[in-house]
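Chemist: Pasting a predicted model and its sequence here:
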Amino acid sequence: MSEQVFFAQAEASQWVEVAPGNRRRVLIHTPELMQVEFGFDKGGVGALHSHPHVQVSYVAEGRFEVTIGGKTEVVGAGGSFIVPGGVVHGVVALEAGRLVDVFTPMRQDFT
């Protein structure tokens, strides 16, 4: 079993392109919890999708059109949203920005 990591520096994580204008980097995780940063160019899309994990997202920068379960709202810097497991959701970056997402349990597909 590997040793638990308690601290993580942003520069220790590599960005991975998800789609044009959309990239992510895993910041830190345990089997029960994961924190991921997403960077978006203006117009970048986080395509509609679902996963079994509960997700909470914080808008660190920018403004996003967020759709959760068929309902759409604009969420700006300092705002948050939560997605229950199994619910279809996605985002469109109305301007360049960053989301900080937390998943429980961790996303095995991101490691």
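Modeler: Thanks, I have it.

Chemist: so who does H53 touch?
Modeler: For H53, the set of contacting residues under the criterion of C-beta atoms under 8 Å, 6 or more residues apart in numbering consists of 85, 103-107. Where you see a C-beta, it was placed from the backbone N, CA and C, and this is true even at glycine.

Chemist: from the residues you listed, which is closest to E32?
Modeler: Proximity of those to E32 (C-beta to C-beta) peaks at P105, which lies at 5.3 Å.

Chemist: Let me see the contact set for G39.
Modeler: Contact criterion C-beta under 8 Å, 6+ apart gives 15, 22-24, 97-98 as the residues in contact with G39.

Chemist: Please name the bridge partners of it.
Modeler: Going by DSSP bridges, G39 is paired in beta bridges with R23, R98.

Chemist: repeat for E17
Modeler: According to DSSP bridges, the partner residues bridging E17 are R23.

Chemist: What is the neighbour count of it?
Modeler: E17: 10 surrounding residues under other C-beta atoms under 10 Å.
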